[in-house]
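Undergrad: prediction below, plus the sequence it came from.
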Amino acid sequence: MGERYWLWVGARLLVALAVMAWALSYLGTGSGEKEFQKTLDAMKQVHSFRVAYSATPPNQHNELLYEVDCNRDAVHEQFRYAQTGANAPPEFKQDKMIVAGREYDRQSDGSWSKPLYSTSGGSAKWYCGSLAQGTDSNLLPQIATMIKRGIIQKGDKKTVNGVRCREWMVAMRGAPSGLEHDTVCIGLEDHLPYEMTVDWAHSRASFSDYNYAIPLDLPEAAVQPASATN
């Protein structure tokens with residue numbers, strides 16, 4: 001009887017140790033927080049990138065494209081908004097360029113002109129400055145906030161736009177309804193984010209062309225000062 005008792009106690013201890021080891025693999029160092037810190041550090045070295053975003057709220061389809069070139073202080077923004085269903089109005093499109101803080105709208109003939117009213121977001125200098133400081137840029141995934149407020153779990157490996165990455169599931173503490181659960185796919189080699197999804201409206205963003213020379217059709221008025229100086 002005594003021998004059986006100690007065998008039972010030993011088995012319970014082994015189970016308890018296994019549970020503790022599993023928990024520590026997520027809560028201790030070397031867990032998702034450590035991997036996300038590598039991502040935050042890798043993003044500090046980014047000076048150009050492309051973001052393609054889509055969402056499908058009820059009876060809508062939204063698409064956005066951001067192309068950011070820190071070296072030229074240029075941001076290219078394209079936005080498409082379409083309602084679905086009977087008697088839906090024509091879709092709305094916008095093509096915008098922000099160079100050194102100056103905003104230009106694409107016209108129907110392909111030319112650029114200054115808008116009557118500015119509606120742009122941040123400049124490339126602002127986005128790139130945020131990345132270099134390790135703070136959230138609002139274009140790439142909010143890794144700094146996820147480290148502070150997220151419960152991070154490791155997922156499977158997959159391929160996004162030809163890049164092998166690992167998916168991480170993030171549950172955000174205190175997030176509004178519909179924004180609590182995110183996934184981020186982080187590159188296996190460079191630790192940079194390549195895809196993010198959010199519960200709200202089937203939102204998905206893909207990230208690509210890190211540190212590549214992105215071809216941008218800059219407005220002539222934006223490059224004239226530099227040409228004159230040269």
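TA: On my side now, so go ahead.

Undergrad: C-alpha only now, for contacts and for neighbours.
TA: Noted.

Undergrad: please, where are all the helices along the protein?
TA: 2-27, 32-43, 124-133, 143-149, 220-229 (DSSP state H).

Undergrad: just for this structure, where's the confidence low?
TA: Scanning the chain for pLDDT under 70 picks out the ranges 1-31, 119-121, 178, 224-230.

Undergrad: in it, which spans are strands?
TA: Under the criterion DSSP state E, strands of the chain are mapped to 48-55, 60-69, 74-83, 92-99, 102-106, 112-113, 150-160, 163-172, 181-187, 193-198, 203-208.

Undergrad: endpoint to endpoint, stretch 167-182 covers what distance?
TA: Length of stretch 167-182, first residue to last, CA to CA, to the nearest Å: 10 Å.

Undergrad: in stretch 108-118, which residues are buried?
TA: 112, 113, 114 (16 or more other CA atoms under 10 Å).

Undergrad: endpoints of it, how far apart?
TA: Start-to-end span of stretch 108-118 (CA to CA) is 19 Å.

Undergrad: from the chain's centroid, how far away is it?
TA: 28 Å (CA atoms, centre = their mean, to the nearest Å).

Undergrad: other residues contacting that stretch?
TA: 103, 104, 105, 106, 107, 219 (CA atoms under 8 Å, 6 or more residues apart in numbering).

Undergrad: which two in the residues you listed are spaced the farthest apart?
TA: Largest separation among these by CA to CA: 103 and 107, giving 13.0 Å.

Undergrad: can I get the contacts of stretch 108-118 in CSV with neighbour count?
TA: Conversion of the contacts of stretch 108-118 to CSV gives the following (neighbours: other CA atoms under 10 Å):
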residue, neighbour count
103, 24
104, 24
105, 20
106, 17
107, 13
219, 19
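
Undergrad: list just the nearest of those residues to residue 45.
TA: Nearest member of these to residue 45, counting by CA to CA, is residue 103, at 25.9 Å.

Undergrad: hang on, the closest one packs against residue 96?
TA: Yes - between residue 103 and residue 96 there is a contact under CA atoms under 8 Å: 7.2 Å.

Undergrad: which residues are in contact with residue 213?
TA: With CA under 8 Å, 6+ apart, residue 213 has these contacts: 48, 69.

Undergrad: separation between it and residue 104?
TA: As for residue 213, its distance to residue 104 is 21 Å (criterion: CA to CA).

Undergrad: reformat the buried residues of stretch 108-118 as JSON lines; add distance to residue 130.
TA: Listed next are these as JSON lines, based on distance: CA to CA, whole Å:
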{"residue": "112", "distance to residue 130": "28"}
{"residue": "113", "distance to residue 130": "28"}
{"residue": "114", "distance to residue 130": "26"}
